[in-house]
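A.B. asks: okay, here's the prediction I keep looking at, along with the sequence it came from:
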Amino acid sequence: MTATHHETATAAASGAGATARFKSDKAYGGGTPPERVDLLAREVLSAVHDTIRRHKVTYDEYNALKSWLISVGEDGEWPLFLDVWVEHVVEDVATEHREGNKGTIEGPYYVPDAPEQGSTGTIPMRDNEPGTPLTWTGQVRSTDGSPLGGAKVELWHADDEGFYSQFAPGIPEWNLRGTFTTDGEGRFEIHTVRPAPYQIPTDGACGKLIAAAGWHSWRPAHLHVKVSAPGHELLTAQLYFPGDAHNDDDIASAVKPELILDPKPAGDGETIAYDFVLDPERS
Ligand code: DHB
Ligand code: FE
């Protein structure tokens with residue numbers, strides 16, 4: 001609840017956590033056909049070779065790259081690097097056929113199987129969790145308009161200081177992570193708090209790149225969701241708040257206009273209404 005326990009939050013800690021999480025949940029052991037690996041590896045290398053020739057890259061620059069790449073691994077920051085600068089294009093390509101809801105990147109901090117809260121409930125949080133209270137009502141439907149009862153809305157987000165449970169120290173395991181299940185009309189009502197903008201760790205390799213290039217390290221405040229229902233494609237999305245300084249220059253390029261909320265003041269907090277439309281699985 002206070003800032004003090006975050007003083008030991010480091011890139012090494014969140015990077016190592018993100019790397020361990022990826023290896024245990026997702027690590028993908030191959031199966032890509034050799035022709036495909038050959039094509040993609042050759043094209044990526046050729047883009048690198050072209051850049052070197054076009055800009056007459058020096059040995060000093062080559063060695064700076066080499067030591068930086070080594071430090072990305074040592075700092076455990078490959079998940080952060082890829083999710084910030086590459087994933088948004090993979091996501092665009094993967095979902096371009098969809099007619100339902102726009103999605104966006106997952107990022108490095110999803111954890112499956114967050115505690116179930118029913119169709120109406122409060123996300124797990126600390127007593128006196130800091131931040132503006134947020135009440136979110138919504139409905140999950142299929143592209144034909146039919147409500148999807150029993151759909152899962154998995155929600156995870158940073159706290160009022162921009163930290164994620166299980167990746168920054170000193171936060172209860174499931175803080176601000178919960179699974180909601182829609183009622184028979186596809187509806188849900190979630191109580192949480194507004195997250196703060198998120199700064200990607202500045203003390204590791206990604207931070208060094210950002211400083212060396214003169215970029216900034218901010219993502220706008222966001223709520224992460226995965227929405228799923230039988231017979232439908234899994235939707236991975238993030239929702240954003242209007243007026244955030246970084247909606248237009250998100251370091252992770254993951255903001256889309258369809259994902260910006262329209263919060264209304266209510267009591268000591270805010271309400272949001274946001275529905276999801278899922279695409280049926282393609283046969
Ligand atoms: C990163 C962190 C996030 O919270 C996110 O949504 C996307 C990327 C990152 O640090 O790489
Ligand atoms: Fe995030």
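C.D. replies: Yep, that arrived. Numbers count the residues shown, from 1 in each chain. Ligands and ions are numbered 1, 2, ... in the order given.

A.B. asks: list the buried residues of the longest strand along the chain.
C.D. replies: Longest strand of the chain, by residue count under DSSP state E: strand 133-142. For strand 133-142, burial by neighbour count (16 or more other Cβ atoms under 10 Å) applies to Pro133, Leu134, Thr135, Trp136, Gly138, Gln139, Val140, Arg141, Ser142. Quick note: C-beta positions are derived from backbone N, CA and C, even for glycine.

A.B. asks: can you redo those as a markdown table with distance to ligand 1 and pLDDT?
C.D. replies: Supplementary listing: the buried residues of strand 133-142 in a markdown table, determined by distance: Cβ to the nearest ligand atom, whole Å; pLDDT from 0 to 100:
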| residue | distance to ligand 1 | pLDDT |
| --- | --- | --- |
| Pro133 | 21 | 98 |
| Leu134 | 17 | 98 |
| Thr135 | 23 | 98 |
| Trp136 | 18 | 98 |
| Gly138 | 20 | 98 |
| Gln139 | 25 | 98 |
| Val140 | 22 | 98 |
| Arg141 | 26 | 98 |
| Ser142 | 27 | 98 |
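
A.B. asks: Gln238: which of those is nearest?
C.D. replies: Closest to Gln238 out of the buried residues of strand 133-142 is Trp136 (13.6 Å), distances taken as Cβ to Cβ.

A.B. asks: so what's the closest one up against?
C.D. replies: Phe188, Glu189, Ile190, His191, Thr192, Thr271, Ile272, Ala273, Tyr274 (Cβ atoms under 8 Å, 6 or more residues apart in numbering).

A.B. asks: now swap in Gly100 and tell me
C.D. replies: Gly100 neighbours (Cβ under 8 Å, 6+ apart): Ser142, Thr143, Glu233, Leu235, Phe276, Val277, Leu278, Asp279.

A.B. asks: could you look up the SS state of Asp127?
C.D. replies: Following DSSP: H, G, I helix; E, B strand; the rest coil, we place Asp127 in the coil state.

A.B. asks: burial count for it?
C.D. replies: For Asp127, the neighbour count with other Cβ atoms under 10 Å is 5.

A.B. asks: would you mind measuring from the residue of the stretch 101-250 of the chain found nearest ligand 1 to Ile200?
C.D. replies: Going by Cβ to the nearest ligand atom, ligand 1 is nearest to Gly107 of the stretch 101-250 of the chain, at 2.9 Å. Gly107 sits 10 Å away from Ile200 when distances are taken as Cβ to Cβ, to the nearest Å.

A.B. asks: any shared contact partners between the two?
C.D. replies: With Cβ under 8 Å, 6+ apart, Gly107 and Ile200 have common neighbours Ala252.

A.B. asks: next, count neighbours for Leu223.
C.D. replies: 24.

A.B. asks: likewise Thr182?
C.D. replies: Other residues near Thr182 come to 24 when the count uses other Cβ under 10 Å.

A.B. asks: and the pLDDT at the closest residue to it other than its chain neighbours?
C.D. replies: Nearest non-adjacent residue to Thr182, counting by Cβ to Cβ, 6 or more residues apart in numbering: Ala151, 4.5 Å away. As predicted, Ala151 sits at a pLDDT of 98.
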